[in-house]
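K.L.:
Take a look and give me a structure for this.
(one chain, ligands or ions: 1)
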Amino acid sequence: MKAGTKDSSFHADTLAIHAGQRPDPTTGAIMTPVYQTSTYVQDGPGEHKGYEYARTHNPTREALEKNIAALEGAKYGVAFASGCAAMANVMHCFEAGDHFVVSDDVYGGTYRIFTKNFAKLGLNFTFVDTTKLDAVERAMTPKTKLVWLETPTNPMLKIADIRRISEMARKKGALSLVDNTFMSPYLQRPLDLGADITLHSTTKYLGGHSDVVGGFVGTSDEAFFQKIKFNQNSIGAVPGPWDCFLTMRGTKTLAVRMQRHSENAQTIAEWLTKHPQIEKITYPGLPTHPQFDLAKSQMKGSGGMLTFVVKGGLPKASSFLKRLEIFACAESLGGVESLIEHPAIMTHAGIPADMRKQLGIDDGFIRVSVGIEYVEDLKKDLDQALKA
Ligand SMILES: Cc1ncc(COP(=O)(O)O)c(C=O)c1O
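P.N.:
Next up is the predicted model:
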């Protein structure tokens, strides 16, 4: 896109490739260069081109921030070194005594950073089932400053009503945030639904190739932006320019990848529903999902994440995971390749056992990140490992 073009007037498929990307002014290189520098030369003291020091400003990072902000429909984007760094920087916008209502089934690292790092600084957290509007309302107090939603949740894929909860938070003077990692802005745009802040582990679908770790916060709230932008520089958990470049290379194919992730996951979910070795399957695109209608109303597709329970508990789950040939047994998600894992032992080991049990993360529970391979090969692989 030419400089001065209004990014927001284009479709997401176009924005993914062009938003925030300008040909390099010195050479015309079509790809944003990796500005691998820690400082910038000034013509004289204070006579600079808007760039003084790379923790504060980096053109590669700025291109990434503009790109994801455009995809999210956010006025501002702020990039971080990881999803957890993004979360920490959000929480550092608040103060001791502030209260937060949080989805009870958040990513294990989110639960850990809130309960182990921020609780001791005097921030208070109430974890509730955010599929229940009355539970969210009951949990809010006059000190509640933010409602933190993850939707769909990791790993139970519970879906919270972003419109109604954001409205509820606003009426009570609190902000609302959606961890949009599982959907990506291609399938869900929280700010359009009324949320104030959208957050990502760009390590997942935005990067899309399991080769880079990063985080992102998007907002159109000027006051919140000023605080988090200050924190980005003051705390310094910024991504390096190579990581920004790699993440941008990922976002360019976001539209086609998300379509294929959703198609493959839908096919596998429908097929697993009839598989004799499967006890229960959860996928937002199945009519049996408890929030199927809500999912349809706020998501453009059902995404690549699904979970199921294998019959036979831990011994069966463990032998099944070892026998797979295409699916790699690994943490993380959102890459082009299919990944599979055992949340109780792997990603969610940090959640107390009784809480895991309450949520349904039991011994036979498996989480799948369906990749973009040929779907019949994926089915064949799952089938041989389940039958063995
Ligand atoms: C939903 C969600 N949010 C945040 C994170 C944390 O991101 P990162 O690993 O990039 O720090 C993860 C990581 O798995 C996640 O799944």
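
K.L.:
For stretch 69-80, buried residues please.
P.N.:
Residues of stretch 69-80 classed as buried under the neighbour-count rule (16 or more other C-beta atoms under 10 Å) are 69-74, 76-80. Placement of C-beta: from N, CA and C, glycine included.

K.L.:
That one: end-to-end distance?
P.N.:
Chord length of stretch 69-80, first to last residue, is 13 Å (C-alpha to C-alpha, to the nearest Å).

K.L.:
dump the residue contacts of residue 103.
P.N.:
If a contact means C-beta atoms under 8 Å, 6 or more residues apart in numbering, then residue 103 has 127-130, 148-151, 153, 158, 160 as its contacts.

K.L.:
OK, contacts around the closest residue to it other than its chain neighbours?
P.N.:
The shortest distance from residue 103 to any residue other than its chain neighbours is 4.3 Å, reached at residue 130 (C-beta to C-beta, 6 or more residues apart in numbering). With contacts taken as C-beta under 8 Å, 6+ apart, residue 130 has the following neighbours: 101, 103-104, 136, 147, 149, 151, 153, 158, 160, 165.

K.L.:
Tell me which of these fall in helices.
P.N.:
Using DSSP state H to define helices, the subset of those located there is 136, 165.

K.L.:
Output the contacts of residue 130 in CSV; the columns should cover distance to residue 378 and pLDDT.
P.N.:
Formatted as CSV, the contacts of residue 130 follow (distance: C-beta to C-beta, whole Å; pLDDT from 0 to 100):
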residue, distance to residue 378, pLDDT
101, 38, 98
103, 29, 96
104, 31, 92
136, 37, 98
147, 36, 98
149, 30, 98
151, 25, 98
153, 24, 94
158, 25, 96
160, 29, 98
165, 34, 98
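
K.L.:
By neighbour count, which of the contacts of residue 130 wins?
P.N.:
In terms of neighbour count, residue 151 stands highest of the contacts of residue 130 at 31 neighbours, by other C-beta atoms under 10 Å.

K.L.:
State the distance from the closest residue to that residue other than its chain neighbours to residue 132.
P.N.:
Leaving out its chain neighbours, the residue that sits closest to residue 151 by C-beta to C-beta, 6+ apart is residue 160, at 4.3 Å. For residue 160, the distance to residue 132 equals 9 Å [C-beta to C-beta, to the nearest Å].

K.L.:
With residue 123 instead?
P.N.:
According to C-beta to C-beta, residue 123 stands 23 Å off from residue 132.

K.L.:
of the two, who's got more company?
P.N.:
Applying other C-beta under 10 Å to residue 123 and residue 132 shows that residue 123 carries more neighbours, namely 20 against 15.
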